[in-house]
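Student: Below is the sequence, then the predicted model.
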Amino acid sequence: MSTGLTWATAHRQSIEHPAAFWGEAAEAIDWTKRWSRVLDDSRPPFYRWFPGAELNTCHNCVDRHVEAGRGGQPAIIYDSPVTQTIRHISYSELRDQVALFAGVLAAQGVAKGDRVIIYMPMIPETLVAMLACARLGAVHSVVFGGFASRELTSRIDDAKPKVVVSASCGVEVTKILPYKPLLDEAIELSQAKPACCIILQREMEPARMIAGRDIDWQVAMQTAKPHDCVPVQATDPLYILYTSGTTGQPKGVVRDNGGHAVALRWTMANLYGVQPGEVFWSASDVGWVVGHSYIVYAPLLTGCTTIVYEGKPVGTPDAGAFWRVIEQHKVSVLFTAPTAFRAIKRDDPEAKLLHKYDLSSLRALFLAGERSDPPTLEWAEHHLKVPVIDHWWQTETGWGIAGNCLGLEHLPVKHGSPTKPVPGWDVRVMDEGGHEAKAGEIGSLVCRLPLPPGSLPTLWQAEDRYFKSYLEQFPGYYLTADAGYIDEDGYVFVMARTDDIINVAGHRLSTGGMEEVLARHPDVAECAVIGVHDEVKGQVPLGFLVLKAGSSKPHEEIASEAVKLVRDRIGPVASFKTATVVHRLPKTRSGKVLRGTMQKIADSKPYKMPATIDDPMILDEIKAALQKIGYAREA
């Protein structure tokens with residue numbers, strides 16, 4: 001369904017005539033009832049897409065492909081090196097499983113508009129549960145498997161689910177993580193008790209079931225009656241995905257059914273250049289927005305084969321895991337986080353493992369989730385010899401704000417930039433006074449309203465918070481909370497979160513720009529820069545360096561060279577005088593570096609353990625490294 005347009009024409013049409021542009025894109029979706037108008041702009045700044053229309057997202061993801069003759073094609077390839085399992089699930093098999101599990105949910109009273117929390121690992125049944133909710137018109141909220149009990153409790157209390165769907169355990173690289181005790185504790189702590197829990201028992205760690213509340217998934221499926229798709233309003237919610245809030249209360253990002261289906265189907269053809277029948281691998285987790293959009297919904301809306309990978313793609317079993325999957329399953333397009341490639345580059349800097357595999361099926365690599373530093377992009381380009389596309393988006397937006405749209409045309413690449421705004425997105429830069437910044441000037445990146453289909457229309461039962469968080473600061477615009485600039489050619493440069501723009505003696509400096517320089521040091525695999533308190537200058541930058549495997553130079557020498565590199569490239573104004581080598585950086589499970597937490601540790605401020613942290617022990621390592629250079633002083 002590629003438009004056949006150039007990027008410039010498509011972008012101009014989407015901004016000047018959004019109703020016509022997205023109305024045409026909507027023809028790729030099956031509707032049970034057409035819309036009264038494409039865009040409801042009667043209550044700005046709150047906009048809605050395709051009011052009056054009806055559809056079912058599950059039908060568009062599964063049933064229609066079976067009806068069109070794709071029933072035998074694999075819908076899901078489940079690849080689990082941690083359990084030594086590979087399964088192929090056809091579209092016909094997926095339809096049958098989803099219809100049955102929808103029957104299981106319906107038998108427990110789940111109906112249109114009810115919420116269901118899904119607390120599952122990276123297995124096909126997680127997708128079955130999500131699609132079964134969509135089939136019924138119920139609203140699912142996926143919580144990352146293994147999240148702490150209190151985090152799960154906060155989501156239960158906010159969403160008030162009728163049912164929780166979970167598994168007995170998850171399997172990580174070297175250990176089994178029991179989910180059921182965490183779920184039991186979360187329900188014990190919660191105010192909004194679900195009516196029942198449906199538990200998928202996994203043989204490596206069966207769970208203790210609570211009589212009268214817990215239902216065995218397999219047993220329920222044996223007696224379930226398949227359920228048909230239930231049409232819902234295009235503006236009805238499909239899911240709630242919670243993202244961290246500054247108040248400590250998670251924000252429930254809402255995604256609707258109609259605009260979501262239209263936008264994601266459009267992006268597969270026009271942003272990623274992927275066609276029905278191809279194998280698409282998003283090496284993420286369904287607990288995050290990337291997993292929702294590009295493991296589950298976008299590939300299945302398109303009729304692609306999607307890969308569900310259980311295990312860390314880097315390190316299960318080695319730095320060649322990506323290449324094995326690409327060769328074995330004939331992956332056409334890979335989408336992952338830059339941090340994954342930095343880890344591969346760190347462990348296998350010469351890409352020796354890569355050259356052991358046949359990667360001829362791979363047409364493109366897309367990176368998102370955190371800034372893609374140019375050295376990592378260049379490394380991937382050199383070794384993969386395919387387009388490596390950095391693109392920028394957020395949990396709230398649901399899909400790419402800026403990117404190189406391979407399905408339209410492959411624009412010239414500028415390393416450090418996710419290229420230009422994707423059609424539908426009108427991106428601007430605002431200064432602190434609320435005025436549009438000049439080309440090249442760093443400011444707040446914002447998007448002019450209305451946002452395109454598929455982006456968040458509101459927060460779950462918190463419209464006032466939605467307005468204050470995203471729409472209030474710059475009237476008529478969505479606040480991304482990212483900082484950056486747009487150059488003379490219209491290329492967007494995302495430099496940091498606005499919180500990571502540091503003020504050094506009155507100069508607003510981007511930590512991202514300094515990281516870009518540090519990453520060019522030949523011994524540095526990955527890095528992070530934070531602003532730490534300084535009595536004279538307010539803040540000064542401090543760098544953390546993770547070295548490549550095999551680096552033999554003294555750490556003090558590398559740190560000194562890194563400092564000189566920044567001062568040579570950016571100048572004395574950066575006041576960059578200190579860098580320290582660490583074994584690893586603290587990250588979320590989705591790969592984002594926890595710079596804010598590192599900053600609090602350095603400044604000896606109290607901090608809350610981030611719920612999304614991958615390994616809490618790293619914070620002790622960071623504190624010890626900081627204390628060696630005079631920071632993180634004990635109170």
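Tutor: Received, thanks.

Student: alpha carbons only for contacts and neighbour counts from here, please
Tutor: OK.

Student: where in the stretch 251-400 of the chain is pLDDT low?
Tutor: The stretch 251-400 of the chain contains no residues with pLDDT under 70.

Student: try 80 this time
Tutor: Applying pLDDT under 80 to the stretch 251-400 of the chain flags the ranges 313-316, 370-371.

Student: Which parts of it are helices?
Tutor: Along the stretch 251-400 of the chain, the segments classed as helices by DSSP state H, counting those that start in this stretch run 258-270, 289-291, 298-302, 321-329, 338-347, 374-384.

Student: and stretch 27-45, how far apart are its ends?
Tutor: Taking CA to CA, to the nearest Å, the first and last residues of stretch 27-45 lie 26 Å apart.

Student: thinking again about what came up before, pipe the helices of the stretch 251-400 of the chain into TSV and attach distance to Arg567 and mean neighbour count per row.
Tutor: Below are these laid out as TSV (distance: least, CA to CA, whole Å; neighbours: other CA atoms under 10 Å):
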stretch	distance to Arg567	mean neighbour count
helix 258-270	41	25
helix 289-291	36	23
helix 298-302	44	27
helix 321-329	36	18
helix 338-347	24	23
helix 374-384	19	18
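
Student: need those in a markdown table with distance to Ala211, can you?
Tutor: Output for those, formatted as a markdown table (distance: least, CA to CA, whole Å):
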| stretch | distance to Ala211 |
| --- | --- |
| helix 258-270 | 39 |
| helix 289-291 | 33 |
| helix 298-302 | 36 |
| helix 321-329 | 41 |
| helix 338-347 | 43 |
| helix 374-384 | 52 |
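
Student: To Pro452, which of those lies closest?
Tutor: helix 258-270 (7.9 Å; CA to CA).

Student: ok, back up a step: out of the helices of the stretch 251-400 of the chain, nearest to Asp96?
Tutor: So among the helices of the stretch 251-400 of the chain, helix 298-302 is nearest, using CA to CA, at 15.1 Å.

Student: quick one: contacts of the closest one?
Tutor: 60-62, 75, 261, 264-265, 267-268, 275-276, 280, 305-306 (CA atoms under 8 Å, 6 or more residues apart in numbering).

Student: and what of stretch 42-50?
Tutor: By CA under 8 Å, 6+ apart, stretch 42-50 touches 35-41, 234-235, 258-259, 449-450, 453, 457-458, 471, 476.

Student: If any of the residues you listed are buried, give me the ChimeraX selection for them.
Tutor: Here is the ChimeraX command that selects only those of these that count as buried (16 or more other CA atoms under 10 Å):
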select :35,38,39,40,234,235,258,259,449,450,453,457,458,471
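
Student: So which of the contacts of stretch 42-50 are in strands?
Tutor: Counted as lying in strands by DSSP state E, out of the contacts of stretch 42-50, are 39-41.

Student: Next, the residue of the chain most remote from its centre: secondary structure please.
Tutor: Largest separation from the mean C-alpha position in the chain: Val536, at 38.8 Å (CA atoms, centre = their mean). Assigned by DSSP: H, G, I helix; E, B strand; the rest coil, the conformation of Val536 is coil.

Student: Lys468 now?
Tutor: Quick answer, by three-state DSSP: Lys468 is helix.

Student: For Ile198, find the nearest of the helices of the stretch 251-400 of the chain.
Tutor: Nearest to Ile198, of the helices of the stretch 251-400 of the chain and by CA to CA, is helix 289-291 at 21.9 Å.

Student: what helices or strands is the closest one leaning on?
Tutor: If you count contacts as 3 or more CA pairs under 8 Å, 6 or more residues apart in numbering; DSSP states H and E, helix 289-291 packs onto no helix or strand.

Student: now it, how far from the centre of its chain.
Tutor: Between the centre of helix 289-291 and the centre of its chain there are 4 Å (CA atoms, centre = their mean, to the nearest Å).

Student: For Asp114, grab the count of nearby residues.
Tutor: 18 (other CA atoms under 10 Å).

Student: need the contact list for it.
Tutor: 137-139, 161-162.

Student: Please list the members of those that lie in strands.
Tutor: Val139.

Student: now the contacts of Asp114 in a markdown table, with neighbour count?
Tutor: Listed next are those as a markdown table, based on neighbours: other CA atoms under 10 Å:
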| residue | neighbour count |
| --- | --- |
| Gly137 | 29 |
| Ala138 | 28 |
| Val139 | 28 |
| Pro161 | 23 |
| Lys162 | 22 |
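
Student: Save the contacts of Asp114 as JSON lines, and put in pLDDT and distance to Arg70 too.
Tutor: Below are these laid out as JSON lines (pLDDT from 0 to 100; distance: CA to CA, whole Å):
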{"residue": "Gly137", "pLDDT": "98", "distance to Arg70": "24"}
{"residue": "Ala138", "pLDDT": "98", "distance to Arg70": "26"}
{"residue": "Val139", "pLDDT": "98", "distance to Arg70": "27"}
{"residue": "Pro161", "pLDDT": "98", "distance to Arg70": "34"}
{"residue": "Lys162", "pLDDT": "98", "distance to Arg70": "34"}
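
Student: host element of Ile117?
Tutor: In this assignment (DSSP states H and E), Ile117 forms part of strand 115-119.

Student: Please list the residues outside that strand that contact it.
Tutor: 126, 129-130, 133, 138-146, 156, 159-167.

Student: What strands line up against that strand, and which way round?
Tutor: strand 139-142 (parallel), strand 163-167 (parallel) (DSSP bridges).

Student: check contacts around the residue nearest to Glu151 when sequence neighbours are not counted.
Tutor: Nearest residue to Glu151 in three dimensions, chain neighbours excluded: Ala611, at 6.9 Å (CA to CA, 6 or more residues apart in numbering). Going by CA under 8 Å, 6+ apart, Ala611 touches 147-148, 151.

Student: Which one of these is nearest to Thr316?
Tutor: Nearest to Thr316 among these is Phe147, at 21.4 Å by CA to CA.

Student: hang on, that closest one in a strand?
Tutor: No - counting by three-state DSSP, Phe147 is not part of a strand but coil.

Student: need the contact list for it.
Tutor: Phe147 touches 611-612, counting by CA under 8 Å, 6+ apart.

Student: now do the one 10 residues further on
Tutor: Asp157 makes contact with 190-192 under the criterion CA under 8 Å, 6+ apart.

Student: quick check, nearest of these to His227?
Tutor: Out of those, the member with the shortest distance to His227 (by CA to CA) is Ala192, at 27.1 Å.

Student: Which elements pack onto the top helix by length along the chain?
Tutor: If each helix of the chain is counted by residues according to DSSP state H, the longest one is helix 91-107. Applying 3+ CA pairs under 8 Å, 6+ apart, one finds that helix 91-107 contacts strand 74-80, helix 124-136, helix 217-223.

Student: need these in CSV with mean neighbour count, distance to Leu105 and mean pLDDT, can you?
Tutor: Output for those, formatted as CSV (neighbours: other CA atoms under 10 Å; distance: least, CA to CA, whole Å; pLDDT from 0 to 100):
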stretch, mean neighbour count, distance to Leu105, mean pLDDT
strand 74-80, 23, 22, 97
helix 124-136, 26, 8, 98
helix 217-223, 14, 9, 97
